[in-house]
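# Everything below, folded, please.
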Amino acid sequence: MTRLLQIILGLFGLFVVLVLAAVILVPLFVDPNDYRDHISRAVEEQTGRSFEIEGEISLSVFPWLGLEVGRMRLGNPPGFGDQPFVEIGSAGVGAKLLPLLSRRLEVSTLRLDGVRVQLVQLADGSTNWAGLGESEEDAARREPRPDDGGGFALERVAGLRLTDALIRFEDRKEGTVIEAAIPSLSTGELAPGKPFPVDGEAVITLDGGALQVATRFAGKVDLAEDFAAAAIRDLELDAEAAGAGGRQAVSLRAPTVRLVFAGPSFEVEGLALGFEASGPEVPGGSQSGKVNAPRVTADLGAQTLAIPALTIEAAGLRASGDLTGSRIVDAPAFVGRIAVEEFSPRALLERLGEPAPDTADRTVLRKATLGARYRAGTDNVELDELQLLLDDTTATGKAAFGLGEVTRIRSELRLDAIDLDRYLSPEPDASAKPPAGEDVALAFDWLEGLDLDASFRAGTIKVSGLTLTEIEGRAVARDGVLTLQPFGAALYGGQVRGSARLDARQAPATFSLEQSLSALQVLPFVQDLTGFDRLTGVAQLGAKLTTTAASTAELMSGLNGELSFNVSEGALKGVNLWFEMQRAYALARGRAAPERTSPDTEFRQLKGTAVIRDGLLLNQDLVGGLPFLGLTGRGEVNLAEAALDYRLNATVISQAIDEATGEPSELAGLSVPLRLSGTLDAPSVSVDLSGLVRDRAQQEALKRLGLEGEDGKSAEEELKERALDKVRGLRDRLRRDD
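Next up is the predicted model:
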């Protein structure tokens, strides 16, 4: 036993001597710098690029077999310039010596300092990193090496430490440069199946320094033993962007992020992303929000992404939904559902730094929700099963938006009922002097890039006091022309149909309108529109109008066109034209005025055409049929002041009855000049008494002479006719004498 112990101790001592000798002699007699050229040639043969080691190479043996290398450069392929593709200021790594004897590999911390990576993409799309990795074809052709049991088993790497690194990407096709500086990146011990911490920071610079994003991240990484998967736990990522637009900050927290490198694919559990932004370009000066997703899975190989549940909170809004993505690398497309919980549009505008509109009804814009299924790509969004609630109005339908040189919009919407008057500005104080109207220039260049096809239906719309029902219409915009056609609605027992067209292909733009309205119940229509409740009947209306649209003033000053109206079986309340004529005649003859049997003027028909210029409705051909009267005339209505000024001629029919006596009227056959003035609310009628009395005296003179008027002719007309008869008789006798 003593002999055996002596042999073991002797062998151990020999081993110690050999190790000590190696530690002392190898660094003395082996200079790794003698192999720099061999190393460079080997790298060049493998990469096809120049490789140079400028710094010194130093070697250590015990307790670590270590290697320290100075500056190294790997060149670019031809056509990418003389600057190096990769440059490393210094690097160092070591392997523990004693475990190597049992084919176990324990690596010290891998240290890299002053790393510079220059990534370049040329205008033709070629890159300077192409061809460095083993292609899939080469990997498939390469025969796997048999495991002879002589390899080393990697047990641990003490860690990775990266300092003063810079990655620069230059896209010469787009003319952009992105730089990512990594002041520090470090990990704990790297060992299969054992979690290790990661901690680092980076600064990303965009637009030549106009925008900088500073980030800091930390977490624990758990690598699978076969390195095919990894999990990042307790991930924390904080980023802050600074530029001309102000400051934006983002923080991300995730309990677990799983990565599968075969796909590659990853899965995130408990994702919580927070962000905040401030600056002059941020609505409201500053905003913050957060995104939460219990589970996120993605496979970059299959180009798929799935987020079964997603919650987003920002600017006081809270939206939830889901997302499924396909072709997320080369042509991203996403589908899912989104629902925005009830919010106040007024409060939202205030949070965004915008004043809430002053509305006639202060209770509106207090409640809104939104829900839809969506489909989105890089330049388009489609919304289906759309449901929008605004206060008491519900809208449903679908919409699609395409972005590019031309904005493409397609939509089909239906709403139940809305009172637009509630959302308009409140009526001005009646005692306040209205401000002078400002002539505002109108521009329609937005039409050049708009491709619109939008149809809509509505159950009820109230606007300007009018109530429209069963509304339907379609708006089409293309090549600088906007058309609303057809447009239809039920309106107070009648039906409105028409179209409108805005043509902005030439300046100034032109606007045209063509509308027809049939079977309109006049009383409720006029009453809701103007508050005037003294006109009844059934109306047929038509309008063909055109105007230039260079400014708001020209919309009225450039207005041309025609209006037509035909009102039947109606009445003008508060004025009895037949009574006013009888009263005036009685007073002129010194008689007592008859009693008024009716306060209104009934009519069988009122029709005519009109034009509108500068707020004046001009009517030159009014024709009406009233009891005992035939009415013609012309006049105008000042729509802004609701003022009337009409000159009328009322011809009394031969069957007219005097309301006072019940006998045939003495006015039968006379034409009576009338003037209608005042306002729409309080119209007044005046009769030309002198003309009326003169004409009556002429009629009585004719009777005394036995020349009573016939067929309702006036006295003047009868005298002229009798005189002409005498002249014609004399002419005929003279011809016979000849």
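
# Okay, now the unreliable bits of the stretch 51-200 of the chain?
Scanning the stretch 51-200 of the chain with the threshold set as pLDDT under 70 gives 60-66, 96-103, 133-155, 192.

# meant to ask about the stretch 601-738 of the chain
Residues of the stretch 601-738 of the chain that meet the cut-off, pLDDT under 70, sit at 614-615, 639-640, 654-662, 688-738.

# what sits against L424?
With contacts defined as Cβ atoms under 8 Å, 6 or more residues apart in numbering, L424 is in contact with 359-360. C-beta here means a position set from N, CA and C on the backbone, and glycine is covered the same way.

# one more time with 6 Å
With contacts taken as Cβ atoms under 6 Å, 6 or more residues apart in numbering, L424 has the following neighbours: A360.

# Next, give phi and psi for it.
Dihedral pair for L424: phi -80, psi 170, per degrees, to the nearest 10.

# three-state assignment of the nearest residue to L617 once chain neighbours are set aside?
Here the nearest residue to L617 in space, its sequence neighbours aside, is V637; by Cβ to Cβ, 6 or more residues apart in numbering that works out to 4.3 Å. Here V637 takes the strand state, with states given by DSSP: H, G, I helix; E, B strand; the rest coil.

# Give me the neighbour count for V637.
Summarising burial for V637: neighbours were counted as other Cβ atoms under 10 Å, giving 20.

# my guess is it meets N619, correct?
No. The pair V637 / N619 is not scored as a contact, 7.6 Å apart, by Cβ atoms under 6 Å.

# Pull stretch 666-684 out as PDB, backbone CA atoms only.
Included here for stretch 666-684 are C-alpha records, laid out as PDB according to Å, rounded to 0.1, in the frame of the first residue of the first chain:
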ATOM      1  CA  GLU A 666    -120.900  95.000 -57.700                       C
ATOM      2  CA  LEU A 667    -117.100  94.200 -58.200                       C
ATOM      3  CA  ALA A 668    -117.800  91.400 -60.600                       C
ATOM      4  CA  GLY A 669    -115.700  91.800 -63.700                       C
ATOM      5  CA  LEU A 670    -113.300  94.300 -62.200                       C
ATOM      6  CA  SER A 671    -109.500  94.100 -62.000                       C
ATOM      7  CA  VAL A 672    -108.200  95.300 -58.700                       C
ATOM      8  CA  PRO A 673    -104.500  96.200 -58.000                       C
ATOM      9  CA  LEU A 674    -103.300  94.800 -54.700                       C
ATOM     10  CA  ARG A 675    -100.100  95.100 -52.800                       C
ATOM     11  CA  LEU A 676     -98.900  92.400 -50.400                       C
ATOM     12  CA  SER A 677     -96.300  93.600 -47.900                       C
ATOM     13  CA  GLY A 678     -95.100  93.200 -44.300                       C
ATOM     14  CA  THR A 679     -93.500  90.000 -43.100                       C
ATOM     15  CA  LEU A 680     -94.200  86.300 -43.500                       C
ATOM     16  CA  ASP A 681     -95.500  86.300 -39.900                       C
ATOM     17  CA  ALA A 682     -97.700  89.400 -40.300                       C
ATOM     18  CA  PRO A 683     -98.600  90.100 -43.900                       C
ATOM     19  CA  SER A 684    -100.700  93.000 -44.900                       C
END
